[in-house]
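[1] Okay, here's the prediction I keep looking at, along with the sequence it came from:
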Amino acid sequence: MNLLKAEKLSKVFGGLKAVSNFEMHIEKGELIGLIGPNGAGKTTAFNLLTGVYQPTTGVIEFDGESVIGLKPFQITQKGIARTFQNIRLFSELSVLDNVKIAYHSHVKYSVAEAVFRVGRYFKEEQEIEEKAIEFLKIFKLEHKKDEIAKNLPYGEQRRLEIARALAAKPKLLLLDEPAAGMNPQETQQLMEMIHWIRDEFGLTILLIEHDMSLVMGVCERIYVLEYGSIIAHGTPDEIKNNPKVIEAYLGEEVVS
Ligand SMILES: Nc1ncnc2c1ncn2[C@@H]1O[C@H](COP(=O)(O)OP(=O)(O)OP(=O)(O)O)[C@@H](O)[C@H]1O
């Protein structure tokens, strides 16, 4: 069974078909890339998969169940977490609190226990803090835990956003241009981290990335979107040699 299945998906804004006849099948444990020229519809596809937009037509099934009509928070609870192209952190909160917040959809203590700060509240809050720090360690942010999120350099804010998404314990993690704004060295480290977290947490990952050589290096399968439709999918080698892809990227280097 596919972990994620999207079929005949479309989204129309006014007269513009931002996504049309979009098809994607992802198996548990895969690391998949979604690429395409500017304006191809990649972010719109993510917004459909995460309930930010409702599709005009089509099917989206996650873990065997339709997620059409669900709100973004309900989709997160089902096990899909994401990051955004324009980083969305709680910018005035500390680095640690940004990650701790993601855990609060899973807490078991009651409101009364929280208000009176007794019982399970203390134990769970302590556990949450320990787990949040573990995530910060993975993303090499532990030493920044008390800093205000907005004061972190850009690359660290991106890593913090991924740490926060992971803390929601997703089965599927969607990353919208995770390496945007990073230098080549940071990008390489990030890609290694993404591979590592996939293996370590048994995750499934779908990422949008502009840097072709990077996506080819890290992803096992790639979908190519152009003018809202998937024009090709396959292994990096198949994608590199696909004439439709070469044409879509005409004038750009498909792979270095
Ligand atoms: N809320 C919206 N209302 C109207 N048009 C929209 C909306 N969101 C996206 N579009 C349009 O849909 C098309 C696809 O945009 P989208 O942002 O999904 O592309 P993208 O592949 O993510 O682009 P980029 O690589 O530049 O981020 C574009 O023509 C865009 O202008």
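    Ah, there it is. Nothing here was measured: the structure is a model prediction, and the numbers come from that model.
[2] use CA for all of it now, contacts and neighbours both
    OK.
[3] residues contacting whatever residue of the stretch 51-200 of the chain ends up closest to the ligand?
    In the stretch 51-200 of the chain, the residue that lies nearest the ligand is residue 85 (7.4 Å; Cα to the nearest ligand atom). Residue 85 is in contact with 43, 176-178, 180, counting by Cα atoms under 8 Å, 6 or more residues apart in numbering.
[4] pLDDT below threshold where in the stretch 101-250 of the chain?
    104-123, 250 (pLDDT under 70).
[5] can you give me the strands for it?
    Secondary structure of the stretch 101-250 of the chain, counting by DSSP state E, counting those that start in this stretch: strands at 172-176, 204-208, 221-226, 229-234.
[6] can you redo these as a markdown table with mean neighbour count and distance to the ligand?
    Formatted as a markdown table, these follow (neighbours: other Cα atoms under 10 Å; distance: least, Cα to the nearest ligand atom, whole Å):
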| stretch | mean neighbour count | distance to the ligand |
| --- | --- | --- |
| strand 172-176 | 24 | 9 |
| strand 204-208 | 24 | 8 |
| strand 221-226 | 23 | 8 |
| strand 229-234 | 19 | 11 |
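[7] any chance of these in JSON lines, with distance to residue 57 too?
    Output for these, formatted as JSON lines (distance: least, Cα to Cα, whole Å):
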{"stretch": "strand 172-176", "distance to residue 57": "22"}
{"stretch": "strand 204-208", "distance to residue 57": "22"}
{"stretch": "strand 221-226", "distance to residue 57": "18"}
{"stretch": "strand 229-234", "distance to residue 57": "14"}
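[8] which bits of this structure sit near the ligand?
    13, 18, 37-44 (Cα under 6 Å from any ligand atom).
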